[in-house]
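# This is the structure alone, sequence omitted:
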């Protein structure tokens, strides 16, 4: 197993948990005014989409990623039917925000569609953002990884560009785990998507690496949609290639869908920099740290 594999997963969850407090606040002046520098894990404000959540918990993105990790640990690998059932159980009585992609998938499920066809047509990058557990489980099996990434993404986000995004970030993270620098891994992964919008998004993100992050995300767009979120993720990885903490802080300060970005930024930079790059104060506040570590260790039993 690669030495930074577990750190990759923990850092991805940290990216979601750290973003929770300011998630979907688009007014960056408000973030700065009310929170200052977002360098701690915070509770959501009273007008948040996540008012049922406490500091250290996850958004609905992170909760789904945890269900994915639990499925992998229980079955010793990816089994779509098991993940599908656990995902349904999560949302059967979910105490948190339910986004449009989830609502669309649940409607399709209720009409009799199964996990291969129930996914919404959402173009939100979050569908491809929860893949760190899969990269961990299949870090040395590219074919199995890509098959699992496609299946888990399609289950809720059956949109070609989101399916491609999942493959792109899986290949990037796998390369980084093997010792390739994030920027080089991004460039290498992009070679497989020359006919896709991904190629343009990668170029935009890399070309922005020396620009101000807040202004860059405003220019790209702060929303969940891949056209805006994808180049933003590339920007943060490239600009803060050696500083995971600063990457996540600046992503939170930039507003919008910082949780969707954070899962991917944390995954790639965690794979690159390892456990020492994750602030201990964040690890100690994240409520599921122990559970995540327990689940990661299950892989060693198979």
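Done, it's in. As the structure is a computational prediction, the values presented were derived from the model and not from experiment.
# Please make it C-alpha for all contacts and neighbour counts, starting now.
Fine.
# Can you name the element that comes right after the helix or strand containing residue 103?
Residue 103 is located in helix 100-110, with elements delineated by DSSP states H and E. Reading on from helix 100-110 to the C-terminus, the next helix or strand found by DSSP H and E is helix 132-137.
# What residues sit buried inside that next one?
If you call a residue buried by 16 or more other C-alpha atoms under 10 Å, then helix 132-137 has these buried ones: 132, 133, 134, 135, 136, 137.
# Can you tell me which of the residues you listed is nearest residue 66?
Using C-alpha to C-alpha, residue 133 is the member of these that sits closest to residue 66, with 8.3 Å.
# doesn't residue 69 make contact with that closest one?
Yes. Checked against C-alpha atoms under 8 Å, the pair residue 133 and residue 69 is within contact range at 5.4 Å.
# Make sure I have this right: residue 173 is in a helix.
Yes. Inclusion of residue 173 in a helix is indicated when DSSP: H, G, I helix; E, B strand; the rest coil is applied.
# separation between the closest residue to it other than its chain neighbours and residue 133?
Using C-alpha to C-alpha, 6 or more residues apart in numbering and skipping residues adjacent in sequence, the residue nearest residue 173 is residue 268, 5.2 Å away. Using C-alpha to C-alpha, to the nearest Å, we find residue 268 at a distance of 12 Å from residue 133.
# do the same with residue 279
Plainly put, residue 279 is 20 Å away from residue 133 if you go by C-alpha to C-alpha.
# Next: residue 140.
With C-alpha to C-alpha as the criterion, residue 140 and residue 133 are 13 Å apart.
# who's in contact with the residue nearest to residue 130 when sequence neighbours are not counted?
When the adjacent residues along the chain are set aside, residue 130 lies closest to residue 65, with 4.9 Å between them (C-alpha to C-alpha, 6+ apart). With contacts defined as C-alpha atoms under 8 Å, 6 or more residues apart in numbering, residue 65 is in contact with 130, 131, 132, 133.
# if you set the cut-off to 10 Å instead, what comes out?
With contacts taken as C-alpha atoms under 10 Å, 6 or more residues apart in numbering, residue 65 has the following neighbours: 9, 12-13, 16, 58-59, 71, 87, 127, 129-134, 263.
# Read off the pLDDT value for it.
The predicted local distance difference test score for residue 65 is 98.
# Name the helix or strand for it, please.
Assigned by DSSP H and E, residue 65 belongs to helix 60-75.
# same thing with residue 26?
Assigning secondary structure by DSSP H and E places residue 26 outside every helix and strand.
# Check what contacts whichever helix or strand comes after the helix holding residue 65 and list those residues.
Sequence order places helix 80-92 as the next helix or strand after helix 60-75, per DSSP H and E. With C-alpha under 10 Å, 6+ apart as the contact definition, helix 80-92 has outside contacts at 60, 63-72, 74-75, 94, 97-98, 102-103, 105-106, 109, 114-116, 148, 151-152, 155-156.
# ok, residue 49 - contacts?
Residue 49 is in contact with 20, 22, 23, 24, 25, 59, 96, 97, 98, 99, counting by C-alpha under 10 Å, 6+ apart.
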